[in-house]
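K.L.:
Attaching a predicted model along with its sequence, questions to come.
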Amino acid sequence: MTSPIGSLSASCSLAILLSAAPALAGDPCPEQPALAHWTGAGTVACACFVAGEEAGAVFDIPANHLPAEILRVGIGFGSQIGGQPQQLEQAINIRQGGLPTPGAIIESLSGPVLTDGVINEFDLEPLPGEITISSNPFTVTLEFANDNVGDPFSATMVHDGNGCTGGKNVVKAIPGGWFNACALGVTGDWLVQVVYRPLNCDGPAEIYCVSNANSAGPGAQIGIIGSTSLAANDLILTCQGGPPNKPGLFFYGPNQVQLPFGAGFRCVGGGIWRMPPVQTFDVFGNAAYVVDYGQSPFNSGGGQILSGSMWNFQFWYRDPGFAGHDFNLSNGIKLTFSP
């Protein structure tokens, strides 16, 4: 396989597994350089997969760029001898979370057609704001529709053969589930890359603190859809990766802390304002709250949100019996509000 980057546009339809996220107000932010772990030192075809297995890479978007919109993903694909026909695979999946167990699929491109010997780039931006990453990490994988184990004539995932970066390369094996690819003996980084752009160039959102594992996976992650403009009044708080069908509550306050609380950490200090009503994670572990600045507690008193103010938000939720506790929390997000 050749190492220079090639491209192949995709017209496959997206399987939307979360509600579409609107873009923030104002002009689109510029796209950022591609995120990738591979170095281009070489390409090694791994004819080692069966249908239904996945391979890919774990990414982190700089915190000051969150929330961000995924624009394109690239998948390195090749065979040991080269020149094979284009190949239809099952899907390209974007998952919320990283190792040890990447989370639920938040977006899926079904039926990608890949070309032997290039980085196949797929446009994932049919609409602005369609694929939003609100918190790190996230994982991009190729799901195979074809067996290629031991077949030098089959095109498959490739890695750079230049050393495997710990915690950044994944394999979903059948049987066995998720593995760190380095621990399986993969000697390089998968050729996977992601192009994104921030959803707000002024950076009003800052993820901080940590979330601990819960009964559903690596932990609940807080994020936002919309803007922090008071006039637009279009802010939606989100939480992903929670235990399905369990209740919880968003709350906010003026200070940032990190104090053990239940199975996680309380990230908000000072006076705390709860945001009723109770929210319940759906079957995919997602919850959302539509903020209305004209309603309590946002419109008056100590919790009033004004232009120029900064507030810290978090989600508390029930998770009975996990890690010896009955509840857990997401990480925190600091929001700076504008007119």
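P.N.:
Alright, I've got the coordinates.

K.L.:
need the strands for the stretch 1-150 of the chain, in chain order.
P.N.:
Per DSSP state E, counting those that start in this stretch, the stretch 1-150 of the chain carries strands over the ranges 14-16, 35-36, 44-45, 54-59, 68-78, 87-88, 91-96, 105-110, 113-114, 118-123, 132-133, 138-143.

K.L.:
right, and the ones you listed - which one's nearest C29?
P.N.:
strand 68-78 (8.5 Å; C-beta to C-beta). (Each C-beta comes from the backbone N, C-alpha and C, glycine too.)

K.L.:
Which parts of the stretch 201-339 of the chain are strands?
P.N.:
In the stretch 201-339 of the chain, the strands defined using DSSP E, counting those that start in this stretch lie at 205-208, 221-225, 236-240, 247-253, 255-261, 264-269, 273-280, 287-290, 310-318, 327-329, 332-336.

K.L.:
Which of the strands of the stretch 1-150 of the chain comes out lowest on mean pLDDT?
P.N.:
Among those, strand 14-16 carries the lowest mean pLDDT, at a mean of 23.

K.L.:
which residues of the stretch 201-339 of the chain score low on pLDDT?
P.N.:
201-203 (pLDDT under 70).

K.L.:
hang on, I94 packs against T132?
P.N.:
No. Between I94 and T132 there is no contact under C-beta atoms under 8 Å: 10.5 Å.

K.L.:
Give me the common contacts of these two.
P.N.:
I70 (C-beta atoms under 8 Å, 6 or more residues apart in numbering).

K.L.:
Go through the strands of the stretch 1-150 of the chain and name the closest to F179.
P.N.:
strand 54-59 (9.9 Å).

K.L.:
Would you mind splitting the protein into its domains for me?
P.N.:
14-198, 205-336 (automatic domain parsing).

K.L.:
In a markdown table, list the ones you listed along with mean neighbour count.
P.N.:
Output for those, formatted as a markdown table (neighbours: other C-beta atoms under 10 Å):
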| stretch | mean neighbour count |
| --- | --- |
| domain 14-198 | 19 |
| domain 205-336 | 19 |
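
K.L.:
picking that back up, I'd like the strands of the stretch 1-150 of the chain as JSON lines, with distance to F327 appended.
P.N.:
Output for the strands of the stretch 1-150 of the chain, formatted as JSON lines (distance: least, C-beta to C-beta, whole Å):
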{"stretch": "strand 14-16", "distance to F327": "31"}
{"stretch": "strand 35-36", "distance to F327": "34"}
{"stretch": "strand 44-45", "distance to F327": "46"}
{"stretch": "strand 54-59", "distance to F327": "28"}
{"stretch": "strand 68-78", "distance to F327": "30"}
{"stretch": "strand 87-88", "distance to F327": "45"}
{"stretch": "strand 91-96", "distance to F327": "21"}
{"stretch": "strand 105-110", "distance to F327": "24"}
{"stretch": "strand 113-114", "distance to F327": "44"}
{"stretch": "strand 118-123", "distance to F327": "40"}
{"stretch": "strand 132-133", "distance to F327": "26"}
{"stretch": "strand 138-143", "distance to F327": "25"}
